[in-house]
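Peer 1: Here is a sequence together with a model predicted from it:
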Amino acid sequence: MSTLATDSEDRRRQLRQAFGSFATGVTVVTARDADGNPIGFTANSFTSVSLEPPLLLVCLAKTSSNIGHFSRASRFAVNILGEAQKDVSNRFASKVEDRFAETNWREGAEGTPLIEEAVAWFDCTTDNLVDAGDHVILIGQIEDFGQTDGRPLAYLRGHYLDLGLAEEAADSVSHHGGVRVGCVLDRGGEVLLRKTPDGWSLPMGDVCAGFREGRAALEKSLAGQGIAAELGFLYSVFDAPSGNATWLIFQGDMEFGAAEGDLRLFPVDSLPLQEVAVPQVRSILRRFQSEYAQARFGLYVDGSSSAGQINPIERSATPWTKFITDQESAK
């Protein structure tokens, strides 16, 4: 018997995290129940199996409320979501009673529900069900499929990845010499800051020609100081105070490493804001304090000192000038 099978819950949690190190796409698997009602769930445990015959598989937990319906369904569909469909992913992963009520979908040729604006879809007949530990492997034979040129939604270690968004955001503001990537790193309610001659700042990489090089420079800088971090979503984009680059700031998690030398961890509610020299960075940290408490984050994009907007998740954009005024009045 595997040692993991009898090991502690903490060990199983670590295994789950290790599995999460593999970046995946995000799918919604759909079918109809015995009464003909559309049903579905979010899954990233999806893979192609064979071209001849055309087969794919998804894994479904035995604890899922959908297990009985999908075990009996004669056909199902796999919808690969686009990067703008986080709301669809979240809805089908939630306990919402009618997941299709606010979802744009249509029927396939045989009546299987297909999600509109998915970057690809596969309409399948059920080929086999395989018992596998605490999951069931659902194997489907592809009868029809389609695809678009859109970017797929990606997922890694509990975060959606917005690499395409980062590149588009970088292009949406003026460039005066390249891109510089930094991060707001959280470790259990503490934020990692770097001491500079002018005061505290965020960990930043060097100015580079483009986004990918800039992100690599940041990761190299962190690794050089023994910091292992997982960069998540893009948090802020703006022109550098000196005008010599576009700054892209990511939110992320500090996984391990000691805050030594010019690095230090501060509790989220005790950040040394008055000692942060760059106004944009000071504002980012104030915003992070507020949004961290609500567990609801937004993306700030600005091409000048006054025209930017905060774009909270599932909310309309808030003018940057109003956000600054609200911030200052709340101090």
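Peer 2: Arrived safely, thanks for sending. What you see is a predicted model; the values in this text were computed from it and never measured.

Peer 1: Residue ranges in the stretch 51-200 of the chain under the pLDDT threshold?
Peer 2: Applying pLDDT under 70 to the stretch 51-200 of the chain flags the ranges 156-177.

Peer 1: tell me the helices in it, going along the chain?
Peer 2: Ranges of helices within the stretch 51-200 of the chain are 67-72, 86-92, 163-172, based on DSSP state H, counting those that start in this stretch.

Peer 1: What sits closest to I249 if chain neighbours are left out?
Peer 2: In space, and not counting its chain neighbours, I249 is closest to S236: 4.1 Å by Cβ to Cβ, 6 or more residues apart in numbering. Where C-beta positions appear, they are placed from N, C-alpha and C, glycine not excepted.

Peer 1: Let me fix that, I meant to ask about Q251.
Peer 2: Using Cβ to Cβ, 6+ apart and skipping residues adjacent in sequence, the residue nearest Q251 is Y235, 4.4 Å away.

Peer 1: ok, the one helix or strand that neighbour maps to: who's next to it in the sheet?
Peer 2: Following DSSP states H and E, one finds Y235 within strand 228-239. Looking at strand 228-239 with DSSP bridges, its partner strands are strand 246-256 (antiparallel), strand 298-301 (parallel).

Peer 1: Show me what counts as buried in the longest one.
Peer 2: The neighbour-count criterion (16 or more other Cβ atoms under 10 Å) identifies 246-254 as the buried residues of strand 246-256.

Peer 1: And for stretch 182-201?
Peer 2: Neighbour counts over stretch 182-201 (16+ other Cβ under 10 Å) mark 182-187, 190-194, 200-201 as buried.

Peer 1: can you check stretch 132-143 too?
Peer 2: 135-143.

Peer 1: Return the distance of it from the chain's centre.
Peer 2: Taking Cα atoms, centre = their mean, to the nearest Å, the mean C-alpha location of stretch 132-143 is offset from the chain mean by 26 Å.

Peer 1: any residues touching that stretch, and which ones?
Peer 2: Contacts to stretch 132-143, defined as Cβ atoms under 8 Å, 6 or more residues apart in numbering, come from residues 29, 45, 49, 53-63, 67, 70-71, 75-76, 78, 110, 122-131.

Peer 1: Got a PyMOL select line for the buried ones in those?
Peer 2: What follows is the PyMOL syntax selecting those of those that are buried according to 16+ other Cβ under 10 Å:
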select buried, resi 29+45+55+56+57+58+59+60+67+70+75+76+78+122+123+124+126+127
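
Peer 1: Could you list which of the contacts of stretch 132-143 belong to strands?
Peer 2: Using DSSP state E, the subset of these located in strands is 29, 49, 54-61, 75-76, 78, 122-131.

Peer 1: Do you have the strands of the stretch 201-331 of the chain handy? List them.
Peer 2: Applying DSSP state E, counting those that start in this stretch to the stretch 201-331 of the chain gives strands spanning 228-239, 246-256, 263-267, 298-301, 309-312, 318-319.

Peer 1: how about the ones you listed, which one is nearest G178?
Peer 2: Closest to G178 of these, according to Cβ to Cβ: strand 246-256, at 7.5 Å.

Peer 1: Give me the average confidence score over that closest one.
Peer 2: If you average the pLDDT over strand 246-256, you get 85.

Peer 1: shift numbering so it begins at 199
Peer 2: From this message on, residue numbering opens at 199, which makes the last subject strand 444-454.

Peer 1: That strand versus strand 461-465: what angle between them?
Peer 2: Note on geometry: by axes from the mean of the first three to the mean of the last three Cα atoms, to 10 degrees, strand 444-454 and strand 461-465 are set 80 degrees apart in direction.

Peer 1: re the thing from before, and the buried residues of stretch 330-341, which is closest to A456?
Peer 2: H333 (38.1 Å).

Peer 1: gap between that closest one and A216?
Peer 2: H333 is 17 Å from A216, where distance means Cβ to Cβ, to the nearest Å.

Peer 1: ok, now G380?
Peer 2: Distance from G380 to A216, counting by Cβ to Cβ: 28 Å.

Peer 1: re the thing from before, mind giving me JSON lines with the strands of the stretch 399-529 of the chain and columns for distance to R211?
Peer 2: Output for the strands of the stretch 399-529 of the chain, formatted as JSON lines (distance: least, Cβ to Cβ, whole Å):
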{"stretch": "strand 426-437", "distance to R211": "16"}
{"stretch": "strand 444-454", "distance to R211": "14"}
{"stretch": "strand 461-465", "distance to R211": "23"}
{"stretch": "strand 496-499", "distance to R211": "29"}
{"stretch": "strand 507-510", "distance to R211": "30"}
{"stretch": "strand 516-517", "distance to R211": "37"}
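
Peer 1: which one of those strands lies closest to E295?
Peer 2: That would be, of those and by Cβ to Cβ, strand 507-510, which comes in at 25.7 Å.

Peer 1: now the end-to-end length of stretch 244-255.
Peer 2: Criterion Cα to Cα, to the nearest Å; first-to-last residue distance in stretch 244-255 is 6 Å.

Peer 1: how far away is the residue lying closest to L416 once chain neighbours are set aside from D460?
Peer 2: Excluding the flanking residues, the one nearest L416 by Cβ to Cβ, 6+ apart is G403, at 3.3 Å. For G403, the distance to D460 (Cβ to Cβ) stands at 15 Å.

Peer 1: No further questions, thank you.
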